[in-house]
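K.L.:
only geometry, no sequence info:
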């Protein structure tokens, strides 16, 4: 009987591939409203029930962290030793959502948000295998699973579980991924076909409110940009993140990545522009920046940013997504604490995994490694409990940087790093000098903490400092 069902499901899959994609509308709600000439909407997710007595493997879990629309890492509530590294990297069966970990595809971020919002408030989550084994993909690390959840506010009962894999298909957030060749193939394909016929999201022409690519601009995450930075030089890009610091005619944009526990960022040079673009790039704002990646003095930056007030819908406009609201407005872990040892070249590494889709539509992970300093380049950090050293500490005497200081500091373990300041001014034109870093007896003040931006100069990482207020001195 199962063999006949698979044959029937395969035929359904073939039919699904030839269904014409109709012109979409702008309003695509989470619960599809088919309307028009289509049949009344069928909630296939509601019709499908979790059989707790089936032969499949089942495990109650909580979310460890979210990756994208079809990949989530879970913590088992029991039996952790059963799984690789004692947690579950779940790759959702039957569905392939658009990418959002490196290159950002249309509807990729929205699919990721849908998965996050659905599971974040769930009363309970269970992952299920497709048969009586915990099956893994070609990486031998990611488990191929069905994700069941009880929506927030619903009673914890078997009949209230909903299948997120099929819900993603039903809402037009994903394409087929061997959809016929699994336990719930018929239901998954029916949900997919309905979404196609209803022109939902990836199957229609509706605007994705969370995608800012197009017209030659590559939408990419800051993490993806940092790990592939050389590939984007002289290319126009679109990135989103929080503005964490301002240096004269540049700002720094960054976004925290939960999987690697690192914030990734880049400098954004806006030059001497005035008006709306300056307001958009205010510290604390969550923004989308559109510009061209370039190399400058051995580091990288985005330049050519603008906002055309006469044509606010231009793709090339940088955009304000969320305005800052006070000091606690940035939920992205800015100014993470680092040590001088962390920023010594070669002492610490960051591993990241990106999803690559081949010509056959199959996903494979691409694992990359960066020096820790290179990974957090242009991001805000905090360095604590260091002392200033005479050797190497100086003030620039000539040129536009006259008055800028290079301050060499050392931690209690003897690790050394340079703090490079801009020309810092007091009220009026008076400049801060090295004397402002000394006690009355001429000894150096003990630095309790200093905030800065990770920079690179002559083969070593250093911290760029934009204000005397970035320093906190010990009593």
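P.N.:
Structure's in. What do you need? Keep in mind the model is a prediction, meaning the values are calculated, not measured. Numbers count the residues shown, from 1 in each chain.
K.L.:
what's the burial count for residue 253?
P.N.:
Residue 253 has 27 neighbours, counted by other C-beta atoms under 10 Å. The C-beta positions use only the backbone N, C-alpha and C, and glycine is treated the same way.
K.L.:
List the strands paired with the host helix or strand of residue 354, with their directions.
P.N.:
Per DSSP states H and E, residue 354 falls inside strand 349-357. Applying DSSP bridges, strand 349-357 is found paired with strand 363-371 (antiparallel).
K.L.:
immediately after the strand it pairs with, which helix or strand?
P.N.:
Next helix or strand after strand 363-371 toward the C-terminus (DSSP H and E): helix 372-375.
K.L.:
what packs against that following helix?
P.N.:
Applying 3 or more C-beta pairs under 8 Å, 6 or more residues apart in numbering; DSSP states H and E, one finds that helix 372-375 makes contact with helix 222-227, strand 349-357, strand 446-457.
K.L.:
Quick check: which of those is buried the most?
P.N.:
helix 222-227 (a mean of 24; mean count of other C-beta atoms under 10 Å).
K.L.:
tell me what that helix is packed against?
P.N.:
strand 236-247, strand 250-257, strand 262-269, strand 349-357, strand 363-371, helix 372-375.
K.L.:
Between the ones you listed, which one is closest to residue 337.
P.N.:
Nearest of the helices and strands packed on helix 222-227 to residue 337, taken as C-beta to C-beta: strand 262-269 at 11.9 Å.
K.L.:
from the middle of its chain, how far away would the helix or strand following the closest one be?
P.N.:
Next helix or strand after strand 262-269 toward the C-terminus (DSSP H and E): helix 276-280. Offset of helix 276-280 from its chain centre (C-alpha atoms, centre = their mean, to the nearest Å): 24 Å.
K.L.:
swap in stretch 191-210?
P.N.:
Relative to its chain's centre, stretch 191-210 lies at 24 Å (C-alpha atoms, centre = their mean).
K.L.:
residue ranges of the strands in the stretch 101-250 of the chain, please?
P.N.:
Taking DSSP state E, counting those that start in this stretch as the criterion, the stretch 101-250 of the chain carries its strands at 124-128, 142-150, 162-163, 175-177, 218-219, 236-247, 250-257.
K.L.:
can I get those in JSON lines with distance to residue 417 and mean pLDDT?
P.N.:
Output for these, formatted as JSON lines (distance: least, C-beta to C-beta, whole Å; pLDDT from 0 to 100):
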{"stretch": "strand 124-128", "distance to residue 417": "44", "mean pLDDT": "98"}
{"stretch": "strand 142-150", "distance to residue 417": "38", "mean pLDDT": "97"}
{"stretch": "strand 162-163", "distance to residue 417": "51", "mean pLDDT": "98"}
{"stretch": "strand 175-177", "distance to residue 417": "47", "mean pLDDT": "93"}
{"stretch": "strand 218-219", "distance to residue 417": "34", "mean pLDDT": "95"}
{"stretch": "strand 236-247", "distance to residue 417": "18", "mean pLDDT": "95"}
{"stretch": "strand 250-257", "distance to residue 417": "18", "mean pLDDT": "96"}
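K.L.:
Next, format the ones you listed as CSV and append distance to residue 292.
P.N.:
Formatted as CSV, the strands of the stretch 101-250 of the chain follow (distance: least, C-beta to C-beta, whole Å):
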stretch, distance to residue 292
strand 124-128, 43
strand 142-150, 35
strand 162-163, 44
strand 175-177, 32
strand 218-219, 11
strand 236-247, 5
strand 250-257, 14
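K.L.:
Figure out which of those strands is closest to residue 363.
P.N.:
So among the strands of the stretch 101-250 of the chain, strand 175-177 is nearest, using C-beta to C-beta, at 7.8 Å.
K.L.:
quick revisit: quick one: which of the strands of the stretch 101-250 of the chain is nearest residue 313?
P.N.:
Closest to residue 313 of those, according to C-beta to C-beta: strand 236-247, at 14.5 Å.
K.L.:
Parallel or antiparallel, which strands does the closest one pair with?
P.N.:
Per DSSP bridges, strand 236-247 is paired in its sheet with strand 218-219 (parallel), strand 250-257 (antiparallel), strand 286-296 (antiparallel).
K.L.:
which other residues reach the shortest one?
P.N.:
Pointing back at strand 218-219 there. 103-105, 211-213, 232, 235-239 (C-beta atoms under 8 Å, 6 or more residues apart in numbering).
K.L.:
Show the end-to-end separation of stretch 396-410, please.
P.N.:
21 Å (C-alpha to C-alpha, to the nearest Å).
K.L.:
With residue 171 as the reference, measure out to residue 411.
P.N.:
According to C-beta to C-beta, to the nearest Å, residue 411 and residue 171 sit 51 Å apart.
K.L.:
now swap in residue 151 and tell me
P.N.:
14 Å.
K.L.:
Name the residue in those two with the higher neighbour count.
P.N.:
Higher neighbour count among residue 151 and residue 171: residue 171, with 24 against 13, using other C-beta under 10 Å.
K.L.:
Am I right that that one is in contact with residue 115?
P.N.:
No. Counting by C-beta atoms under 8 Å, residue 171 stays clear of residue 115, with 10.8 Å between them.
K.L.:
Residue 426 and residue 400, how far apart?
P.N.:
Residue 426 is 19 Å from residue 400, by C-beta to C-beta.
K.L.:
rewinding a little: between the helices and strands packed on helix 222-227, which one is nearest to residue 322?
P.N.:
Closest of the helices and strands packed on helix 222-227 to residue 322 is strand 236-247, at 8.9 Å (criterion: C-beta to C-beta).
K.L.:
how much does the closest one deviate in direction from strand 446-457?
P.N.:
For strand 236-247 against strand 446-457, the angle by axes from the mean of the first three to the mean of the last three C-alpha atoms, to 10 degrees is 150 degrees.
K.L.:
got the buried residues for strand 236-247?
P.N.:
Using 16 or more other C-beta atoms under 10 Å as the test for burial, strand 236-247 gives 236-246.
K.L.:
Could you pull up the residues touching residue 140?
P.N.:
Contact analysis of residue 140 by C-beta under 8 Å, 6+ apart lists residue 84.
K.L.:
Kindly give the local confidence score, pLDDT, for it.
P.N.:
Here, the pLDDT recorded for residue 140 equals 90.
K.L.:
How about the contacts made by the one residue sitting closest to the centre of the chain?
P.N.:
Here the mean C-alpha position of the chain is nearest to the C-alpha of residue 257 (C-alpha atoms, centre = their mean), at a distance of 5.3 Å. Residues in contact with residue 257 (C-beta under 8 Å, 6+ apart) are 223, 263-264, 352.
K.L.:
Quick check: it vs residue 65, distance?
P.N.:
The value you get for residue 257 to residue 65, if C-beta to C-beta is used, is 9 Å.
K.L.:
my guess is residue 423 contacts residue 402, does it?
P.N.:
Yes. In this structure, residue 423 is within contact of residue 402 by C-beta under 8 Å, at 7.2 Å.
K.L.:
Same drill for those two, tell me which one is more crowded.
P.N.:
residue 423 (15 against 11).
K.L.:
Look at that one and report its pLDDT.
P.N.:
Model confidence at residue 423, expressed as pLDDT, equals 96.
K.L.:
Please determine how far it is located from residue 249.
P.N.:
14 Å.
K.L.:
same deal with residue 415?
P.N.:
Separation of residue 415 from residue 249 (C-beta to C-beta) stands at 32 Å.
K.L.:
neighbour count winner among the two?
P.N.:
Neighbour totals were compared for residue 415 and residue 249, and residue 415 leads with 16 against 11 (other C-beta under 10 Å).
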